[in-house]
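Colleague: here you go, sequence then predicted model.
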Amino acid sequence: MKTFFQKLGENIRNARLTEDMTQEQLAQQVGVSSTCISQYEAGKRRPNAEVLAIISETLCVSLDYLIPDVEHSFPVDPDQSSIYDLIGE
């Protein structure tokens, strides 16, 4: 079973390929290294919200497209401070 970040990375990769961009081209437009893009796509690194928004805009997709659905089998606590707390990673 893929993790949240593996699914996110897969969505970034699919959107990048749809736009016919290389990792290097996306990295230049986003302002990160191509290694970062590679690690995002592999689910080995977590983009922060600002970078994710820039990726979304650059690839002409919504954040909803990039962010995978998260199924919760537990109630969500509104006091949790980040998405990482919600998905348990």
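Modeller: Alright, I've got the coordinates.

Colleague: for residue 59, phi and psi?
Modeller: phi -90, psi 0 (degrees, to the nearest 10).

Colleague: excluding its backbone neighbours, what's nearest it?
Modeller: Among residues not flanking residue 59 along the chain, residue 15 sits closest, at 4.1 Å (C-beta to C-beta, 6 or more residues apart in numbering). The C-beta positions use only the backbone N, C-alpha and C, and glycine is treated the same way.

Colleague: now the host helix or strand of that neighbour: mean pLDDT?
Modeller: Using DSSP states H and E, residue 15 maps to helix 4-18. For helix 4-18, mean pLDDT rounds to 96.

Colleague: and the residue nearest to residue 59, what does it touch?
Modeller: 55, 59-61, 65-66 (C-beta atoms under 8 Å, 6 or more residues apart in numbering).

Colleague: what do you get if the cut-off is 10 Å, keeping everything else the same?
Modeller: 21, 26, 55-56, 58-62, 65-66 (C-beta atoms under 10 Å, 6 or more residues apart in numbering).

Colleague: pLDDT weak spots in the protein?
Modeller: Where the chain drops to pLDDT under 70, the residues are 70-89.

Colleague: show me where the chain has its strands.
Modeller: Taking DSSP state E as the criterion, the chain contains no strands.

Colleague: of the contacts of residue 15, buried ones?
Modeller: 21, 26, 55-56, 58-59, 61, 66 (16 or more other C-beta atoms under 10 Å).
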